[in-house]
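Trainee: Let me see the structure of the following:
(one chain, ligands or ions: 1)
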Amino acid sequence: MNKNQSVDGPTRVAVIGAGVAGLTCGGALARAGFDVELFDKDERPGGRLATHRVDSLRFDYGAPFLAADSTLGQSWHLVDKSGSVKPVRVGMPDMNSVARELARDVAVRCGCQVTGMTRLQGRWHLGEMSGQIIGPFDWVALTMPAPQVKLLAPMLSARIASVRMNPCWTLMAAFGEKLPVEFDTISFNDPILARAVRETAKPGRVTRPEAWTIYATPDFSRAQFEQPAGRMAAALLQRFGEAMGFGLALPRARYMTAHRWRFARVATPLGEDYVLDPQQHLALAGDWCVGDGVDAARRSGAMLAVALARRGGRN
Ligand SMILES: Cc1cc2nc3c(=O)[nH]c(=O)nc-3n(C[C@H](O)[C@H](O)[C@H](O)COP(=O)(O)OP(=O)(O)OC[C@H]3O[C@@H](n4cnc5c(N)ncnc54)[C@H](O)[C@@H]3O)c2cc1C
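Mentor: Coordinates of the predicted model:
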C-alpha cells in the first residue's frame, strides 16, 4: 500500500475540467497512485486548446501555438509581418492533439457537465447535468476559468475575487486562393483586431483552401459580446481585409464562422500556483492562478498535483 492509499483503497480524486491544467494535474496524480477521474462538459478534452474541424481543414481557434521552450507539441518556425522568424511549438495535426497527448494516463469523462457538489460524511458527490450523482470522492479539484469556479464552489469566491479574464471573438475563415502575403502571423495595432494566424502554414495541415484564424481585441470582444455570431463574422472579415490592406480585393471567404470565448485570456492572475482548502478537501488550478497561457495552466496543474501527492492518503 503506498501513501496515496488507505485500507479503503486509493484516494479518489475528481478533477473537473480537462483543459491543460486538469489533464496535467490528473495525469500526475494517476501516475502517483491516486484513483483519478476527470470530467469535462465538452465532447473532447483540451478546453481552450481547441480545434474546429471542417472537412480536412483545421482551425486552432483557442491557443494558436505554444512557447518555443514548451515540452509539448513539435517545433515550428513562423514568419511574422516584419519578416522575422520566430520559433514556437504546435500540436500535430492540430492544437487539440496536445490535449490528447496529456490525456494518455487518465480516464476522462467527456460530455459531462458538473452542476453541483455536495459533501456528505467527509466525501464529495458530484451532480451532473442529466441528474446523475457521481462519487464519492476524497478530493475535488476544479480547473475551469475562475468565474466558472465561483458557480460550483461559492465558498472559495472571496479567495479568488481579484482574478480578471478577458473575452475574445474569434473568426475562422477559408479562402479559395492563397492570400498574397509572405507572413504567417500578424499582430495588429487596431481597436478591433489583435492578431491573425495562417492555419495552413502550420506543419502537417492541408494547404488548400487557405485558412486563417483572426482574433479580436479584448475591448472590442467585450463591447460586442452579445452580438450574433454571423454579424461578428462579417464584421471581423471586413476589418481583416482593411487591416491587411486588401480592402474589397480580399478574396471571397468560402467558409467562415465566429466563436465567442467568454473567458479567453487572463488579465489579472491570482499570483499563486494553486488554491488548496484542506478543511473542505477542495483544490483549484488553472492558468488564471499563475498568469496567462498554456504554460501557466501547466504549471498550476503540476504544482497542485505535487501538493496533493505530498498530503497523500485521505488527509
Ligand atoms: C482565443 C485564445 C487565444 C489564446 N492564445 C494563446 C497563446 O497564444 N498562447 C498561450 O500560451 N495561450 C493562449 N491562450 C490561452 C490558453 O489556451 C489557456 O491559457 C489554457 O489553454 C488554459 O488551460 P486551463 O486548463 O487552465 O483552462 P481551460 O482550457 O479553460 O479548461 C477548463 C475546462 O473546464 C471545462 N469545464 C468548465 N466548467 C465545467 C463544468 N461545470 N463541468 C465540466 N467541465 C467544465 C471546460 O469545458 C474546459 O475544458 C489562448 C486562449 C484563447 C481562448
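Trainee: contacts and neighbour counts: CA atoms only from here.
Mentor: Fine.
Trainee: who touches the most centrally placed residue in the chain in this structure?
Mentor: Most central in the chain under C-alpha atoms, centre = their mean is R48, positioned 2.2 Å from the mean C-alpha point. Taking C-alpha atoms under 8 Å, 6 or more residues apart in numbering as the criterion, R48 is in contact with 19, 62-63, 264.
Trainee: Sort out for me which of the residues you listed are in strands.
Mentor: A264 (DSSP state E).
Trainee: Within range of the ligand, give me the residues from the stretch 151-300 of the chain.
Mentor: 168, 261, 264-265, 286-287, 292-294, 297 (C-alpha under 6 Å from any ligand atom).
Trainee: could you redo those residues as TSV and give each row pLDDT and neighbour count?
Mentor: Converted to TSV, those look like this (pLDDT from 0 to 100; neighbours: other C-alpha atoms under 10 Å):
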residue	pLDDT	neighbour count
C168	98	25
W261	98	17
A264	98	19
R265	98	23
G286	98	32
D287	98	29
D292	96	18
G293	95	19
V294	95	21
A297	97	27
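Trainee: so of these, which ones are in helices?
Mentor: Of these, the ones assigned to helices by DSSP state H are 287, 294, 297.
Trainee: The last one contacts L284, correct?
Mentor: Think A297. No: checked against C-alpha atoms under 8 Å, the pair A297 and L284 is beyond contact range at 11.2 Å.
Trainee: so where's the stretch 1-150 of the chain uncertain?
Mentor: The stretch 1-150 of the chain contains residues with pLDDT under 70 at 1-8.
Trainee: What ranges does it have for its helices?
Mentor: Using DSSP state H, counting those that start in this stretch, the helices found in the stretch 1-150 of the chain span residues 20-31, 96-102, 146-152.
Trainee: Give me whichever of the ones you listed is most buried.
Mentor: Burial of these is given as mean neighbour count (mean count of other C-alpha atoms under 10 Å); helix 20-31 ranks first at a mean of 27.
Trainee: Give me the helices and strands touching it, please.
Mentor: strand 12-16, strand 35-39, helix 96-102, helix 294-311 (3 or more C-alpha pairs under 8 Å, 6 or more residues apart in numbering; DSSP states H and E).
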